[in-house]
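Enquirer: Based on what follows, work out the 3D shape:
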Amino acid sequence: MAKQNIYDNETFFTEYRKLREREVNANNLFELPTLFSLLPTLEGRKILDLGCGSGERCMDYINKGAAKVTGVDISEKMLAAARSENSDPRITYLNMAMEDIGSLDESYDLVISSLAFHYVEDFGGVVENVYRLLDDGGIFIFSQEHPLATCYSGKGDRWTRDENGVKLHVNIENYCVERRTDSTWFVEGVQRYHRTFSTIVNTLADAGFRILKMVEPVPTEELLEKYPEYYDLFHKPDFLFVKAVKG
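Expert: You can find the predicted model right below:
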């Protein structure tokens, strides 16, 4: 099956970049702070960034002391932006699907992936390759859309509301049916893969990983005072983070 490359769609690429440039978005408020909180000391480490996009995180890792960062992404548009905006002699960008990292012949101290695995059909194959590419004691950290989000098909109202339109609870459908869903986000036909918590955990364990931590970010009281709309996350977190170690 052809691997999805939605970020090379001109409309999707343009609208996604606009979204990420906004100061107030879920990535800046929840995803990035949580990711940085899970990172070990990066001094002198060799890092593989899967789904590196336009390279902001690769540059962050260099600035935090990493010795070398390899950024992998299937999107030529994203990598063109990375080479233009986040270039450094210690960063190598590779135009490659995550499913193809088995062809890499280096080893790494740390493998990181930010909000990319829900686009990947062969999660198990990628996890096995990550395990092989990591040195003993190496760390694997990834975020993805939360399983309570990926099970939504896009059909019908996502929320049950009261007579005033206030959200009472999120509607969950076919959580235990693992599948691909095609949705509209900027453009039609955006493919995501839904898998359960148990599949995620068991895939990591079967590959040999030991899970160190899992995080489902929710807003603080201070953040809710500024952005009350993010109370939604107490019904359904947007993101799931996993930190695991090899061996």
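Enquirer: Let me see the contact set for T203.
Expert: F123, G124, V127 (C-beta atoms under 8 Å, 6 or more residues apart in numbering). Any C-beta I mention is one placed from the backbone N, CA and C, and that applies to glycine too.
Enquirer: what about the second one, helix or strand, and which?
Expert: For G124, the enclosing helix or strand under DSSP states H and E is helix 123-133.
Enquirer: and that helix, what's its mean pLDDT?
Expert: Across helix 123-133, the average pLDDT comes to 98.
Enquirer: And the next helix or strand past it?
Expert: According to DSSP H and E, the helix or strand after helix 123-133 is strand 134-145.
Enquirer: Just the buried positions in that next one, please.
Expert: Neighbour counts using 16 or more other C-beta atoms under 10 Å place L134, G138, I139, F140, I141, F142, S143, Q144, E145 of strand 134-145 among the buried residues.
Enquirer: Now the two most distant members of those.
Expert: Using C-beta to C-beta, the pair of those lying farthest apart is G138 and E145, separated by 24.7 Å.
Enquirer: Give me the residue at the spatial middle of the chain.
Expert: L115 (1.4 Å; C-alpha atoms, centre = their mean).
Enquirer: residue contacts, S75?
Expert: N5, Y7, D8, F13, G53.
Enquirer: Okay, helices next: where are they in the chain?
Expert: With DSSP state H as the criterion, the chain has helices at 10-21, 26, 32-38, 56-63, 76-85, 123-133, 147-150, 197-207, 221-226, 232-235.
Enquirer: Quick one: closest of those to L104.
Expert: Closest among the helices of the chain, once you apply C-beta to C-beta, is helix 123-133, at 6.1 Å.
Enquirer: by how many degrees do the closest one and helix 197-207 diverge?
Expert: 30 degrees (axes from the mean of the first three to the mean of the last three C-alpha atoms, to 10 degrees).
Enquirer: Adding neighbour count and distance to V166, write the contacts of T203 out as a markdown table.
Expert: Below are the contacts of T203 laid out as a markdown table (neighbours: other C-beta atoms under 10 Å; distance: C-beta to C-beta, whole Å):
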| residue | neighbour count | distance to V166 |
| --- | --- | --- |
| F123 | 20 | 36 |
| G124 | 16 | 41 |
| V127 | 24 | 40 |
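Enquirer: Counting by contacts, list what the helix or strand of the chain with the lowest mean pLDDT packs against.
Expert: Least confident helix or strand, the chain: helix 10-21 with a mean of 75, by mean pLDDT, DSSP states H and E. Under the contact criterion of 3 or more C-beta pairs under 8 Å, 6 or more residues apart in numbering; DSSP states H and E, helix 10-21 touches helix 76-85, strand 187-194.
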